[in-house]
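[1] All I have is the shape, not the residue letters:
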Ligand SMILES: Nc1ncnc2c1ncn2[C@@H]1O[C@H](COP(=O)(O)OP(=O)(O)OP(=O)(O)O)[C@@H](O)[C@H]1O
């Protein structure tokens, strides 16, 4: 009964070429969308301000200005209204600039009607999400991205904003800071939520299998290819492909990835035809990709394509106020996993020790520390000793109490580095260079060890 009145979606079309306006009007009209078409920037602004719209499609070049000016105009007035920009064929720079300015997506000329329909459908889903949801759904304390510091609140706001766009996002941050979690939230809060989120660790796929893993293959394409198999791109069609450790992608694959992103299509191994795919790319690395570019290990054009928008996930040591809450959530999770009657709690002393620690392995390290402590502790209260926090200065002081803490002949940074180097070296020797065991011995993750070895030039 009393069903809500279904309002027809309305789109503003802005293009000075009459045949393109017509093509857009016909395509959207067939999708049941009401359209209003104008031919210049001034009329577009006026029309937009005077009537409600759920979507806008604008050409980049207009007789009286740039489409980007309209993107900004609409974003200022109605941030909920997605704007897509129509760019000339091959003008990657214009496409990237429009995404940076806040465009939802772009279409390049000549317009491919199927691609246009997909884009419009995504944009309307977004508008639909918006009518149903509170204005900033992710500003609520999300059960998943824990933290109440300003750094976390800002990150949630960024995620909410990025979820509304189709722009490629590059997530940076140290190991274990939550880069994958951020990527998942960008996916989950956007119009692609019903599509798959496909995470890939680019460093874990052998180079010779990369192409078939990414693009799939046809039966008979090579020995052992007994049936057609979809690749990662095809699995992420309509959803998000999360390329973790993107810096590990070999050069040969970087070219193919760039092509797939630019053309929005893939060619499975053994196929003669390309297949269109609609995939949003979110990538991440704990390495500085611009340094990799400068060293000639990462293609600049691909970097430019992936890094349209960069999100920085802060290290845990920059938001210590979040540590108690995170610890509480992690302990509750461990209690469920280990079927404990009550969630263990930290003693006051243990809590302040955690807040003093610098967490080179970030949240993942916090998880490991707490898991080990819960296993070791016999009572439901975790005392400081069970955390086994390693402090280079304390250890040096124990070894040489007279001067370890007051060596003022070198700066603190080099002193810490020397201690770190020494600790890692002795752990490696004790474990016969088995890095997994050495990491356990040091109480850090394997990834964190690998990262430190690289940083210290000890590889
Ligand atoms: N803000 C947060 N709230 C709750 N849990 C978090 C938060 N950030 C990260 N985590 C948890 O920390 C762990 C590490 O996160 P994640 O795998 O996303 O990190 P990462 O930066 O991708 O790591 P890596 O660089 O090693 O791939 C996960 O178990 C994740 O659920």
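    Structure's in. What do you need? Keep in mind that this is a model prediction, so the values were computed, not measured.
[2] and the residue of the stretch 101-250 of the chain nearest the ligand?
    Residue nearest to the ligand within the stretch 101-250 of the chain: residue 178 (2.6 Å; Cβ to the nearest ligand atom). (Glycine included, C-beta is placed from N, CA and C.)
[3] What pLDDT does the model give that residue?
    Per-residue confidence for residue 178 comes out at a pLDDT of 94.
[4] so it touches residue 312, yeah?
    No. The pair formed by residue 178 and residue 312 falls short of the contact definition of Cβ atoms under 8 Å, at 11.4 Å.
[5] Which one of the two is surrounded by more residues?
    When neighbours are counted by other Cβ atoms under 10 Å, residue 178 comes out ahead of the other of residue 178 and residue 312, with 23 against 16.
[6] Could I get the contacting residues of that one?
    The neighbours of residue 178, taking Cβ atoms under 8 Å, 6 or more residues apart in numbering as the test, are 145, 313, 362-363.
[7] what are the phi and psi values for the residue nearest the centre of the chain?
    By Cα atoms, centre = their mean, the chain has its centre lying nearest to residue 183, at 3.3 Å. According to degrees, to the nearest 10, the main-chain angles of residue 183 amount to phi -60, psi -40.
[8] mean confidence for stretch 190-200?
    91.
[9] Mind checking if that stretch is in reach of the ligand?
    No. Using Cβ under 6 Å from any ligand atom, stretch 190-200 stays clear of the ligand, coming no nearer than 9.0 Å.
[10] what residues does that stretch touch?
    Defining contact as Cβ under 8 Å, 6+ apart, one finds that stretch 190-200 is touched by 122-123, 125-126, 129, 162-165, 180, 183-184, 187-188, 213-214, 232, 235-244, 280.
[11] make it 6 Å
    Where contact means Cβ atoms under 6 Å, 6 or more residues apart in numbering, the residues beyond stretch 190-200 that reach it are 122, 125-126, 163, 184, 187, 232, 235-236, 238-243, 280.
[12] partner strands of the helix or strand containing residue 37, parallel or antiparallel?
    When secondary structure is defined by DSSP states H and E, residue 37 falls within strand 34-38. Looking at strand 34-38 with DSSP bridges, its paired strands and their directions are strand 10-14 (parallel).
[13] Check what contacts the strand it pairs with and list those residues.
    For strand 10-14, the external contacting residues (Cβ under 6 Å, 6+ apart) are 21, 24, 28, 33-38, 44, 48, 53-58.
[14] From the chain's centroid, how far away is that strand?
    Relative to the centre of its chain, strand 10-14 is centred 31 Å away, using Cα atoms, centre = their mean, to the nearest Å.
[15] now it: mean pLDDT?
    Per-residue confidence for strand 10-14 averages out to 95 on the pLDDT scale.
[16] still on that earlier bit, list the contacts of the residue nearest to the centre of the chain.
    Residues in contact with residue 183, defined by Cβ under 6 Å, 6+ apart, are 171, 242, 282.
[17] nearest to residue 92, of those?
    For residue 92, the closest of those turns out to be residue 282, at 18.8 Å, with distances computed as Cβ to Cβ.
[18] Per-residue confidence, that closest one, what does it come out as?
    Note for residue 282: predicted pLDDT of 97.
[19] okay, now it: neighbour count?
    Residue 282 is surrounded by 28 other residues when neighbours are defined as other Cβ under 10 Å.
[20] Phi and psi next, for it.
    For residue 282, the backbone dihedrals are phi -120, psi 130 (criterion: degrees, to the nearest 10).
[21] now do the one 3 residues further on
    Backbone torsions for residue 285, taken as degrees, to the nearest 10, come to phi -160, psi 150.
[22] How about it: what's its closest non-neighbour residue?
    Nearest residue to residue 285, sequence neighbours excluded (Cβ to Cβ, 6 or more residues apart in numbering): residue 247, at 4.4 Å.
[23] Whichever residue of the stretch 351-459 of the chain sits closest to the ligand and residue 262: what is the separation?
    The stretch 351-459 of the chain approaches the ligand most closely through residue 363 (3.6 Å), counting by Cβ to the nearest ligand atom. Separation of residue 363 from residue 262 (Cβ to Cβ, to the nearest Å) stands at 35 Å.
[24] before we move on, back to that, keep only those of the contacts of stretch 190-200 that are in helices.
    Counting by DSSP state H, the members of those that fall within helices are 122, 125-126, 163, 184, 187, 232, 235.
[25] Enumerate every residue touching the closest residue to the ligand within the stretch 201-350 of the chain.
    Of all residues in the stretch 201-350 of the chain, the one sitting closest to the ligand is residue 286 (4.7 Å; Cβ to the nearest ligand atom). Neighbouring residues of residue 286 by Cβ under 6 Å, 6+ apart: 174-175.
[26] repeat that for 8 Å
    Residues counted as contacts of residue 286 (Cβ under 8 Å, 6+ apart) are 172-175, 179, 245, 447, 451.
[27] The closest residue to residue 338 other than its chain neighbours: how many residues sit nearby?
    If the residues on either side of it in the chain are set aside, residue 338 comes closest to residue 374, at 6.9 Å by Cβ to Cβ, 6+ apart. By other Cβ under 10 Å, the residues close to residue 374 number 20.
[28] Give me the three-state assignment for residue 374.
    helix (DSSP: H, G, I helix; E, B strand; the rest coil).
[29] pretty sure it contacts residue 330?
    No. In this structure, residue 374 is not within contact of residue 330 by Cβ under 8 Å, at 9.4 Å.
[30] For the stretch 201-350 of the chain, what lies in contact range of the ligand?
    So the stretch 201-350 of the chain meets the ligand at 244, 286, 326 (Cβ under 6 Å from any ligand atom).
[31] Give me the subset of those residues that lies in strands.
    In strands, defined here by DSSP state E, the members of these are residue 244.
[32] And the residues of the stretch 201-350 of the chain next to the ligand, which is the shakiest by pLDDT?
    Ranked by pLDDT, those bottom out at residue 286, which scores 85.
[33] measure it to residue 316 for me?
    For residue 286, the distance to residue 316 (Cβ to Cβ) stands at 14 Å.
[34] Between the two ends of stretch 47-58, how far is it?
    Taking Cα to Cα, to the nearest Å, the span from the opening residue of stretch 47-58 to its closing residue is 13 Å.
[35] cool, stretch 376-386 as well?
    Looking at stretch 376-386, the gap from its leading to its trailing residue is 7 Å under the measure Cα to Cα.
[36] Name the residues that touch it?
    Looking at what lies outside stretch 376-386 - Cβ under 8 Å, 6+ apart - the contacts are 331, 340, 342-347, 349-350, 353, 370, 372-374.
[37] And residue 363 and residue 262? Which one has more around it.
    In terms of neighbours (other Cβ under 10 Å), residue 363 is the more surrounded of residue 363 and residue 262; the figures are 22 against 15.
[38] Show me the shaky parts of the stretch 51-200 of the chain.
    Within the stretch 51-200 of the chain, the stretches with pLDDT under 70 are 127-143.
[39] Which positions in it make contact with the ligand?
    By Cβ under 6 Å from any ligand atom, the residues of the stretch 51-200 of the chain that approach the ligand are 145-147, 173, 175-181.
[40] Show me this structure divided up by domain.
    When the chain is parsed into structural domains using automatic domain parsing, the resulting residue ranges are 10-132, 148-314, 316-389, 393-459.
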